[in-house]
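In: Sharing a model prediction with you, sequence too.
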Amino acid sequence: MHPDCEQQLKAWYQETSKAEWKNTKVIKSEYPSASFLADNRVVFNIKGNHYRLIVKINYDYQMVWIRFIGTHVEYNKIDAKTI
C-alpha cells in the first residue's frame, strides 16, 4: 500500500463496505469525480487525484474487486481497461 494515501484508502474501504451500489448513477452521486470504464470498472481519484484506484464491480452480488492502486504517474503506464 502507498503510505501517502493509506488513510484515504481506508476511508474509501469503509464507505464501500457499507455501500449498496446498484449502478453507476449511485456511485457518481457519491463520488462525482469517478470515471467509468467498460466491464464494470470504476476509477476513483484518491488524495486529490494524486493516486488512482481501479475497481471492478459486480452490481448484482454487491462485490468489489480492487484491480489497481497507484500514483497518477503509475496509472498512466497501465491499461485501465484490462488490468
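Out: Now that the structure is in, tell me what you want to look at.
In: Distance of the residue nearest to Glu15 when sequence neighbours are not counted relative to Glu6?
Out: Closest residue to Glu15 apart from its sequence neighbours, by Cβ to Cβ, 6 or more residues apart in numbering: Glu30 at 7.7 Å. All C-beta spots, glycine's among them, are computed from the backbone N, C-alpha and C. Taking Cβ to Cβ, to the nearest Å as the measure, Glu30 and Glu6 are separated by 21 Å.
In: same deal with Val55?
Out: With the distance defined as Cβ to Cβ, Val55 ends up 17 Å from Glu6.
In: Show me what the top helix by length along the chain is packed against.
Out: Longest helix in the chain, counting residues (DSSP state H): helix 6-18. Judged by 3 or more Cβ pairs under 8 Å, 6 or more residues apart in numbering; DSSP states H and E, the packing partners of helix 6-18 are strand 41-46, strand 51-58.
In: Now for Ser35: which residues touch it?
Out: Applying Cβ atoms under 8 Å, 6 or more residues apart in numbering, we find Ser35 in contact with Val42, Val43.
In: likewise Lys22?
Out: With Cβ under 8 Å, 6+ apart, Lys22 has these contacts: Tyr59.
In: and the residue nearest to Glu15, how many residues sit next to it?
Out: The tally of other residues near Glu30 (other Cβ atoms under 10 Å) stands at 11.
In: pLDDT at Asp60, what is it?
Out: What the model reports as pLDDT for Asp60 is 95.
In: Over to His2?
Out: Looking at His2, the pLDDT reads 62.
In: ok, now His72?
Out: pLDDT, His72: 87.
In: Was I right to think it contacts Lys47?
Out: No: using Cβ atoms under 8 Å, His72 is not in contact with Lys47, being 9.9 Å away.
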